[in-house]
Structures are given as structure tokens and as C-alpha cells.
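Undergrad: Got a predicted structure here, sequence first:
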Amino acid sequence: MQAFSVRQLKSNPSTVLRAAEADAMALVTSHQEPTALVVALDRLGLPDTGAVRSGLALSLFQAGSLSVGAAAKIAGLPLTRFLEILASLRIPVTDATAVELDDDLAQARRWLAQEV
């Protein structure tokens, strides 16, 4: 496993990614202290990398770090399938209240009426 400084990661991220793909992992250091690990999921030898991708996507979406579309892409799933999984796990797609959703819908209808 190769080690790279944060500066190297910022200036040439493709080099770090290639190293991770070659060795399965690359270490990123800050002030000579390990701070991050870049992992090539496909090289880990896991029996189901799709499950790892889906779990990561679900976790990042639930934490609010990703949009539902970005999470579906990371999971490698069509948006409709990802939404089905969220529903089956009872993970809300939005934390908006019913009033906020009604206001958004009314605004969208007004906007669409102006386009005609």
C-alpha cells in the first residue's frame, strides 16, 4: 500500500486512485499522520460489492450527505429501485412537513400555469 499526503491527493487525485486500484488501498496522510484510506471496492475480494455500495449509499443518504439521486448512482441502482429500498426500510426521502410539501406543490402548479 502506498502513502500519499493530502497535498498529493489535492494536486493529483488520479495518481492516488490508480494506486488504490493497483494495491486495493492507498493511505492519505496529513502532517505524516494517517487520516484517510482510499479503497478500491472492486479489489477487496468481497463476495458482493453491490451490497457494500448500497449500504454506503443508504448510510450517506440517511445522514444527509447525498441526494437521493446521487445515492442511487453510488448504489448502482435505478432511482425507482433505490426509492423502493428506502420505502421498505422506512427511510424518509424528505423531512419536509406536509404543509411545506403542499406549498411546494402549489408553487409548482403556479409555475406550470405560467408556462402555457
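TA: Sure thing, it's come through.

Undergrad: Next, Pro34: phi, psi?
TA: phi -60, psi 130 (degrees, to the nearest 10).

Undergrad: what residues are up against the nearest residue to it once chain neighbours are set aside?
TA: Spatial nearest neighbour of Pro34, chain neighbours left out: Leu27 (5.7 Å); criterion: CB to CB, 6 or more residues apart in numbering. For every residue, glycine as well, the C-beta is placed using N, CA and C. By CB atoms under 8 Å, 6 or more residues apart in numbering, the residues touching Leu27 are 1-4, 34, 36-38.

Undergrad: did I read that right, Leu27 in a strand?
TA: Yes: Leu27: assigned to a strand according to DSSP: H, G, I helix; E, B strand; the rest coil.

Undergrad: so what's it bridging to?
TA: Note on Leu27: beta-bridge partners by DSSP bridges are Ala3, Leu37.

Undergrad: quick one: low-confidence parts of this structure?
TA: Filtered on pLDDT under 70, the chain yields the residue ranges 95-98, 115-116.

Undergrad: Break it down into its domains, please.
TA: The record's domain parsing of the chain by automatic domain parsing lists 2-43, 46-116.

Undergrad: Now the longest helix anywhere in the chain - C-alpha only, PDB.
TA: Under DSSP state H, the helix in the chain containing the largest number of residues is helix 98-115. As requested, the backbone C-alpha atoms of helix 98-115 are provided in PDB (Å, rounded to 0.1, in the frame of the first residue of the first chain):
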ATOM      1  CA  ALA A  98     -47.000  18.200   4.800                       C
ATOM      2  CA  VAL A  99     -47.500  22.000   4.800                       C
ATOM      3  CA  GLU A 100     -44.100  22.600   3.100                       C
ATOM      4  CA  LEU A 101     -44.900  19.900   0.500                       C
ATOM      5  CA  ASP A 102     -48.300  21.500  -0.200                       C
ATOM      6  CA  ASP A 103     -46.700  24.900  -0.600                       C
ATOM      7  CA  ASP A 104     -44.100  23.400  -3.000                       C
ATOM      8  CA  LEU A 105     -46.800  21.700  -5.000                       C
ATOM      9  CA  ALA A 106     -48.900  24.900  -5.200                       C
ATOM     10  CA  GLN A 107     -45.800  26.800  -6.300                       C
ATOM     11  CA  ALA A 108     -45.000  24.200  -9.000                       C
ATOM     12  CA  ARG A 109     -48.600  24.400 -10.300                       C
ATOM     13  CA  ARG A 110     -48.400  28.200 -10.500                       C
ATOM     14  CA  TRP A 111     -45.100  28.000 -12.400                       C
ATOM     15  CA  LEU A 112     -46.500  25.400 -14.800                       C
ATOM     16  CA  ALA A 113     -49.600  27.500 -15.400                       C
ATOM     17  CA  GLN A 114     -47.400  30.500 -16.400                       C
ATOM     18  CA  GLU A 115     -45.600  28.300 -19.000                       C
END
